[in-house]
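**Q** Pasted the sequence and its predicted model underneath.
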Amino acid sequence: MGNKLNNSKPSSSFRVFATTVKRGEANPEMTGFLLEIDWARNCVIRQIPIPMDTTNPYWNSRGGNRGGRGIVATKTKLFVATATSILVYNQNLDQIGEISHPYLAGLHELFIDHDGIWVTSTVHDLVMKLDFNGAIIDTWWGSESLLLQKYFGFSGRELNLSMSFPEATFEKQYDEYCKDERLHINSVFAQEGSVYVLCNRKNAIIKIRPLPEEIIIVDNELHSPHNLIITSEGIAVVNNTQKQSINIYDLRQYRLLTEIGTGIFDQSESEQFASSGWQRGLAPVKDSIYLVGTSPAAIFEVDISTNKIGQICHIDSDVRHCIHGLAVTTDF
């Protein structure tokens, strides 16, 4: 990916932002980018390096604690998750702050409420709501849910919330701790007082608020799913990542409506390290139009009502460079 960009104001009526992760990069300080894409002109207009994680500078072939994760916007601020914190940018994409908390580890998607940010801390099987200063408003400890333990047949786990692994063996023990995840909760969505999560390891959509918890969808045809968006009609849109498809569910009827093949590369099923098509990143544009991210870094348009692929923005040809988060906003 070159550094010479079409550095100008977007010509679209909306702004498109993406985060990326550089996997297997020899330079540990090259973690990934925050990108702004001009969708009307099909080009990247801003490319801002994501700073290296200095709290737990851990990396491996999957990316480790590199790069950007989930991304959301309000009218005045853009919030970008890294593995261990939430970076805050203004409308000019100047970093103006950071939200941190000791429990943040292995962050994925974010969701903005009027009084705070829901965040998934995957390595702890934890969903938290933080206020805009980083104080806890709510927590849900997924591995300790008796309902989920009984349904999926797992036990609770010993959590290391301080990530206090010996420096000499930090990478090995961190990796083992991640492998001990029960759920790998990588997406959260709040709507009309209810909060839903997507559990990657259990192929499940679960309502966690209000209590009691409810298992809404379990679909073992999901392969490493990411991203959860729920419409006002109770329709859930999920990135079926490894299968390179979009799955549409009716949450009110607890069923799959359709699976849309969306792979833009000649790859029947993707491996996230060595082949094209690892689909991750999902954002609604308008009506039934969504943007989807993939690797090597590209963003494409899909209409879930017609099952048609639209415009494609190819950003990089290196399969190790992956889209992680996507956001589309009209008022930022």
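**A** On my side now, so go ahead.
**Q** I figured Ser85 hits Pro102, correct?
**A** No: if you go by C-beta atoms under 8 Å, Ser85 and Pro102 don't touch, sitting 10.7 Å apart. The C-beta positions use only the backbone N, C-alpha and C, and glycine is treated the same way.
**Q** of those two, who's got more company?
**A** Remark: of Ser85 and Pro102, Ser85 carries more neighbours, 18 against 11, as counted by other C-beta atoms under 10 Å.
**Q** Could you grab the helix/strand/coil label for the residue nearest the centre of the chain?
**A** In the chain, the centroid-proximal residue (C-alpha atoms, centre = their mean) is Glu109; its distance is 3.8 Å. Using DSSP: H, G, I helix; E, B strand; the rest coil, the structure places Glu109 in strand.
**Q** wait, isn't it in contact with His184?
**A** No: when contacts are counted by C-beta under 8 Å, Glu109 is not listed as touching His184 (12.0 Å).
**Q** which residues of this protein fall in helices?
**A** 146-152, 170-179 (DSSP state H).
**Q** returning to that earlier point: nearest spatial neighbour of the residue nearest to the centre of the chain, skipping sequence neighbours?
**A** Gly70 (3.8 Å; C-beta to C-beta, 6 or more residues apart in numbering).
**Q** Might you report the residue contacts of the one you found?
**A** By C-beta atoms under 8 Å, 6 or more residues apart in numbering, the residues touching Gly70 are Thr19, Val80, Ala81, Leu107, His108, Glu109, Leu110, Val119, Thr120, His324, Gly325.
**Q** The last one and Glu109: what is the separation?
**A** Looking back up the chat, that one is Gly325. For Gly325, the distance to Glu109 (C-beta to C-beta, to the nearest Å) stands at 7 Å.
**Q** Common neighbours of those two, please.
**A** Common neighbours of Gly325 and Glu109, using C-beta under 8 Å, 6+ apart, are Arg69, Gly70, Ala81.
**Q** Tell me the spacing between the residue lying closest to His184 once chain neighbours are set aside and Glu259.
**A** Spatial nearest neighbour of His184, excluding adjacent residues (C-beta to C-beta, 6+ apart): Asn200 at 4.0 Å. Note on Asn200: its distance to Glu259, by C-beta to C-beta, is 17 Å.
**Q** Comparing those two, which shows the higher neighbour count?
**A** Asn200 (22 against 17).
**Q** wait, doesn't that one sit right on Ile185?
**A** Yes: between Asn200 and Ile185 a contact is recorded at 7.3 Å, counting by C-beta under 8 Å.
**Q** what touches both of these two?
**A** Thr122.
**Q** check contacts around Gly156.
**A** Ser143, Glu144, Gln149.
**Q** just Thr231 next, same as before
**A** Here Thr231 is in contact with Val237 (C-beta under 8 Å, 6+ apart).
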